[in-house]
Every structure is written in structure tokens, then in C-alpha cells.
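In: for reference, the sequence and a predicted model appear below.
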Amino acid sequence: MKHLLSTRDLDRETAVRILDIAEEMSRTAARAVRKLPTLRGKTVVNLFFEDSTRTRLSFESAAKRLSADVITFSAKGSSVSKGESLKDTAQTLEAMGADAIVVRHGVSGAAELLAHAGWIDATIVNAGDGTHEHPTQALLDAYTIRSRRFGDDARGRDLAGLRIVIVGDILHSRVARSNVWLLTALGAHVHLVAPRTLLPSGIATWPVIVHESLDDALATAPDAVMMLRIQSERMHDAYFPSEREYAREWGLTAERATRLGPDTMVMHPGPMNRGLEISSVAADSPASTVLDQVSNGVFVRMAVLYLLVAGESQEES
Amino acid sequence: MTSILVRAASMLGGGREDLRIRDGEIASRGSLTPERGETVIDADGLVALPGLVDLHTHLREPGFEASETVLTGTRAAASGGFTAVHAMANTSPVADTAGVVEQVARLGEEHGYATVRPIGAVTVGLAGERLAEIGAMARSRAAVRVFSDDGLCVADPLLMRRALEYVATFGGVIAQHAQEPRLTEGAQMNEGALSGELGLAGWPAVAEEAIVARDVLLAEHVGARLHICHVSTAGSVDIVRWAKARGIAVTAEVTPHHLLLTEELARGYDARFKVNPPLRRDEDVHALRAALADGTIDIVATDHAPHPSEAKECAWAEAAFGMVGLESALSVVQHTMIDSGMIEWADIARVLSQAPASIGQLEGYGAPLAIGAPAHLTLVDPAVTRTWSTTDLRGRSSNTPYTGRELPGRVMATIHAGTITVSEGDLVDPAVLGMTERG
């Protein structure tokens, strides 16, 4: 595997392998010296065309724990030709010796373009491209579900038979897309819940079950309920009448949270709009995995960088 | 002017004949003997077509000379067998005054590769707010007959009604770019399962079809002519077919790329395949081919849209819409329509010459190659195939979507107003053409 661009093409074996390596990485967090020498001498560049403090910090932290040299480049909103700057910036960074480029971009397909346009040879890790995919987020979600459900017995397992409900703005969500493909590859049953205005066209061809009522979806006794963030720019473009109606129909209200089974996880990729898609009661309950997701993100990203960047040098030696 | 003898060309609906061209006209036909000093073109095995006419070309001058100029665009046109092109109005300044359209027409005359007919803007600055000076453009030396805000839709229904009526006053026609703007805000590709998967904002078929339906009804109501640019969906074909059956004066065009390519090409996010209207589904491609074959769609027009490489070498949503098409048009139409058995070469003369000349009211073009007719002539070798590459292009930009594809047919010679512009498959030098290169 040279790049990680999407979860669409990840098969079960590869996905389980990444999760198992992430599990190994989590063990190192408990040690006195948390650094591994794996990527010593390698340069990992975080190229962020979009603000995302938490994803950037998570990748930085992952690369540093593997002893890579880390350069972070925030190229947000260059006013000239944004396209030209993508090509030029990538070529510049490679000329500086980047072995891997972790790219976050507001436009769908940007990571794919960097990997395949022939501009550069570096390994590309997609850290979120437009409304397309966010593969490491899906991997950390899968990791979180697996370790909560199976604990010490998680290694080597997939998510066969688990029921995962994803709620909210599927249309604009790269997190939802990556999760649908990955969780399905791992054997889980994915249910989506949203008003029709926030479902992508062609949803009938996806390997999912679609509900228009959150209560119907919750009645299926899911293993996890993943709430998606509602972006503020959606609120004034006729996707739904008002925030209050959204919260009432598709929010994980305190009342709905009390109806969840004792083992149902409450997930959110963050940052949360408390009171809109998720109530504080739900977000702060023991069922919530929100903080686990953050710490697991570092392990999963360590695993991805290890596989993509260190794999090559091991073959050489 | 020396005379030209075209030997043994395959004439449409007939056998092989020689043609003599003199003083810009077809002087004689039949079995002819070469004369002293005469230029001889060996057309054995070549099909003789009336010079091709494009109703939809972006020449980019004035204002966007980094993409194309009148000179480079007409060179691309000639190499594709075109002897006349209609230059779209979305230049800078916009072709919304007599001054701009006269300048564009004059540049075409000076360069001599093809006749350039400017298309006038419908609204001032293409802003969709008030009518441009349509009368002044119609009465100018450029004698504009086609008006379009192409690139943008005349979306305001009242303004469209007025435009249809007012243009009719001057014997013109509105060429509508049918795209409901609110339904296509931020749109990047055909709306469907693939756009949902790729996370690209959808350009739904209904946004085209709603405008086509509205405008054929408006044309009927006010008794005016309407032309629909680059029809791209099966639903639009159904509406145009219905309108024609009802007697509404509507004509329609399809681009070569919509006859061949589908939305699947968006999968790799290669922006060479980003175009407006977008590439659609396989079902749409087949509906468009059938509509061209049965006459529901009247013409093929290239929508030749040159862009510099930096406008295409970027992330999909940041890239420009459009692809070049003049050089490849005839090959794509041969591939999709003739080699598939849907139409014959005589139909090519209709859809790529006679009908576009008629819609554009371009006199002297598109007529059969009869004695006394103006000598606009395209000689094509249908038997060759080539693997398309950017080296087959003759314009300033290289945003062709056909790179690496096997395409049949090649224009071996083009004669524009009695002057050879393409010989032995490539452009004639401007000095030989007897024109000054002032571009």
C-alpha cells in the first residue's frame, strides 16, 4: 500500500491489520518512553489547506511518536490560483525531502490528485478531502468500536454483525462516506438516518439501510450511534427549517439517550454542537466515546504512517 | 488566384469526381484534365464535404488570449475541417456591443483560416439583467444573427421572453445555455450515484430540462425561434421532440463529447473531464445519438472551450469547465455515428455544415458542392485511425479529453473561400495562405 486515499478500496484483511497495528501502538502509550524509532530520518509533512486543529495535532503527534521529522504547512486560502498552489506547494514540499504528505483540502479529490497526477512521488495520506472521504477518521471510529466491544480480546477481530447507526448530514460528510465503506468491509451493518435533503443522490446503491426517523433507527438496538456535526452554513440553505426542528427530529436528545441500551456507544467525530445534534447528557454519559476517539486517533494514525512510510524502508533493508 | 484541381474525390450520394476551384468558386465538376500551374489535390479515397460550420466556439479573444486567439482558434478550426465558426460572446470585454463583434469578425478576415461569425450577448455583460444592444450588433458590419449568454443561462423568464421577441425583430435567434442557476449552485458533475460517492456537488438533469421546457413554451407563446445549446440529457431530448411535433420553432445542438463520454470519467478527479453541461450517463449518450440520427437534434456543435493548463491541473472543484473540440469533432462524430451505422456521410454534411449554417443564417455555407457555389470544402480520409494525443491539436490550449483514444478519420484538406488552409493533413503556413499574421 503506497497511499491511503479512501476506505473504498480497503479490504477486511488490510483494515484489520491496521487496527491491530494501532493496538500495538496503544501499548507504547503506557510506557515510560513513548517514542518509537520507526520513522527516524523520515520527513512527514502535514499540508493543511483547511483549518482542523484536532486532526492536525493528531497527525503531528502520531508522526512525532514514531520519531519522524514533522513539518506542518498551513496553506489556507491562498488568494491567487488555489489549484496552482496545490501543485506548486506539493512539489516544493517534495523538493524539501518529504517522504509522506498528509493532506487536508476543502475540495473533493485533492488527495487523489496529489497521488496520481504525476506531480510528486511521495506517499499521500488523505486527512479529509472536501465532502469525499476522511479515511483515518473512519479507522479510528472502527478501532474505538472494536476496543469498546471486545476489550483485550479485540486483536484480529472485525465488526461482523454489529449494527452502527450514523445520523445527520450524510450528504456533506466525508466521515460518513469513509465509515460506510470501512464498517461494511469489516462486516458491520450500517444504518443511516437523515432528512432526505441531507442524503446523497444514489443512496439506494449504497450498502446501507436508510431511516428517515431517528426513533425507528434507535429501536433496532444499535451497538453504536454516531452523530455527525451540522455545519453552520447548512442552517440557512433550506436543508431543514430550523435548528430547533433539527434537534427535535434528528438530535440525540437527553430523552433519546435514556432510551439507548446499556451497551450502545455514543460517538461523535467532533467538534460537537451541544444542544443541536447531541445533548450534553448524551455527550457526557459513560456511553460516550468522544474522548476515546481522540486518543485512538493518534494510535490509528501511527499505524497508518508506520505501514505506508516505514514499510518501504523495511523492504529495502 | 491560381486554380485548384481536386482529383477523384468521393462525392456525397455519388461516385468519384474531379472538382476545379477557381476565383473562390467551384468552377467545374466531372472528369477534368489538369491545367498548367494548377494546384492538384489527390483526393482518391477522400470524402468531399461542404466546409464544416461550427455554431458554438470559444475563441477567447479579446481578453483571454492565454487560452486562445482568433488566429489560433481558427487554425484549430481549419485543421478540424471547419471553414466557419461562431464565436461565443463571453470574452472580456463581453461581445455585447457593435464594436466588439466587429473587431472579432475583422480579426477572422485578416487571418483567413475560417470565417468568424461573432455571437452577440443577450444581456449586458452577460449579467442577465437588461438586454444588450441587439439591434446595433445585428446592423453592424458583423451582421450578428445568433445571440447567447453562453456559459450563463438567461434565467429570468421575463427577460428571456423579451429577448426572444426582440431578437425576432432583427431576424435573429437566441441560443440558450439551459441551466437553472439555483438548482446548480456549486455544481461539479452530473448528479447521481457517482456524484454522491465522489462527494462532488451534483448538476441535476432537471436543471437543464426545466429551462428547455420553459423556453420551448415561451418560444411557442411569442412565436419566436429558439436554439438550445449543448443538449446533454435524455429528458431534454424528449422535450425537444415533443416541441418539434407541436410545431414549435426550436433547434438543438449536441457536442461531440456528449456523444461519446460519460460521467464515469470523473472517477479519477481528472479535471480534463470537467465540462458544462457535465458528462452524463450512458443512457443519455445513447438518447443523444438517437436524437441526432432522427433529426430531433439538428446539429453537432463543438463548444470548443480552451483553457490554459493551470486551469485544469488543479483540484476538480477549482478547475475550469470545458474542453477543446474543433480538431477532434469530425473524428468523434464518425466514431459514434457513422462507424456505428446510425447515420451516413450525407448526414454529416447536414449536421456539421448545412444545418448550422442555416441556423446561423450564414450564406454561402453548407450548400452542396455544385458549380458556381462558393468553394468551402473539407476532404476527409475515413479509413485511417490514430491514437489521439495533444500533438493532434492546433489551437493554443491542450485540454482535450480524448488523449490515448483510438479515433477514426482525418481531415486531409480544407479549402476556405477557394484558399487551401489545410493540405496533406496539416495547416498551411500563414505566408502561403497569403495573409498577414497580425494576431
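Out: Noted; the coordinates are in hand.
In: domain assignment for chain B?
Out: Chain B breaks down by automatic domain parsing into domains covering B:4-47+B:373-383+B:406-432, B:50-359.
In: quick one: which of those domains is nearest A:Ala22?
Out: Among those, domain B:50-359 comes nearest to A:Ala22, with 25.3 Å by CB to CB. The C-beta positions use only the backbone N, C-alpha and C, and glycine is treated the same way.
In: is there proximity between the closest one and chain A?
Out: Yes. For domain B:50-359 and chain A, the contact criterion (CB under 8 Å from any CB of the partner chain) is met by B:188, B:191-202, B:204, B:268-269, B:310-311, B:313-319.
In: strands of the stretch 201-317 of chain A, start to end?
Out: Assignment of strands within the stretch 201-317 of chain A using DSSP state E, counting those that start in this stretch yields the ranges A:209-211, A:224-227, A:265-267.
In: right, so these: which one is the most enclosed?
Out: Comparing the strands of the stretch 201-317 of chain A by mean neighbour count (mean count of other CB atoms under 10 Å in any protein chain shown), strand A:224-227 ranks first with a mean of 26.
In: which other helices and strands does it contact?
Out: With contacts taken as 3 or more CB pairs under 8 Å, 6 or more residues apart in numbering or on different chains; DSSP states H and E, strand A:224-227 sits against strand A:163-167, strand A:265-267.
In: tell me the contacts of the closest residue to A:Leu10 other than its chain neighbours?
Out: Nearest non-adjacent residue to A:Leu10, counting by CB to CB, 6 or more residues apart in numbering or on different chains: A:Ala185, 5.8 Å away. A:Ala185 makes contacts with A:Thr7, A:Leu10, A:Asp11, A:Arg12, A:Ala15, as judged by CB atoms under 8 Å, 6 or more residues apart in numbering or on different chains.
In: ok, A:Ala185 to B:Ser397 distance?
Out: From A:Ala185 over to B:Ser397 the distance is 42 Å, taken as CB to CB, to the nearest Å.
In: what of B:His227?
Out: As for B:His227, its distance to B:Ser397 is 26 Å (criterion: CB to CB).
In: quick check: mean pLDDT across stretch B:310-321?
Out: Average pLDDT, stretch B:310-321: 93.
In: could you list the buried residues of it?
Out: For stretch B:310-321, burial by neighbour count (16 or more other CB atoms under 10 Å in any protein chain shown) applies to B:Ala311, B:Lys312, B:Glu313, B:Cys314, B:Ala315, B:Trp316, B:Ala317, B:Glu318, B:Ala319, B:Ala320, B:Phe321.
In: my read is that B:Leu427 contacts B:Ala77, right?
Out: No. Applying CB atoms under 8 Å as the test, B:Leu427 and B:Ala77 come out as separate, 10.4 Å apart.
In: now the residue of chain B at minimum distance from chain A: how far from B:Ala187?
Out: Closest contact between chain B and chain A, by CB to the nearest CB, is at B:Cys314 (1.9 Å). Distance, B:Cys314 to B:Ala187, using CB to CB: 17 Å.
In: the residue nearest to the spatial centre of chain A: what's it in contact with?
Out: By CA atoms, centre = their mean, chain A has its centre lying nearest to A:Gln137, at 1.2 Å. Contacts here follow CB under 8 Å, 6+ apart; on that basis A:Gln137 touches A:Thr55, A:Gly128, A:Arg174, A:Val175, A:Ser178, A:Asn179, A:Pro269, A:Gly297.
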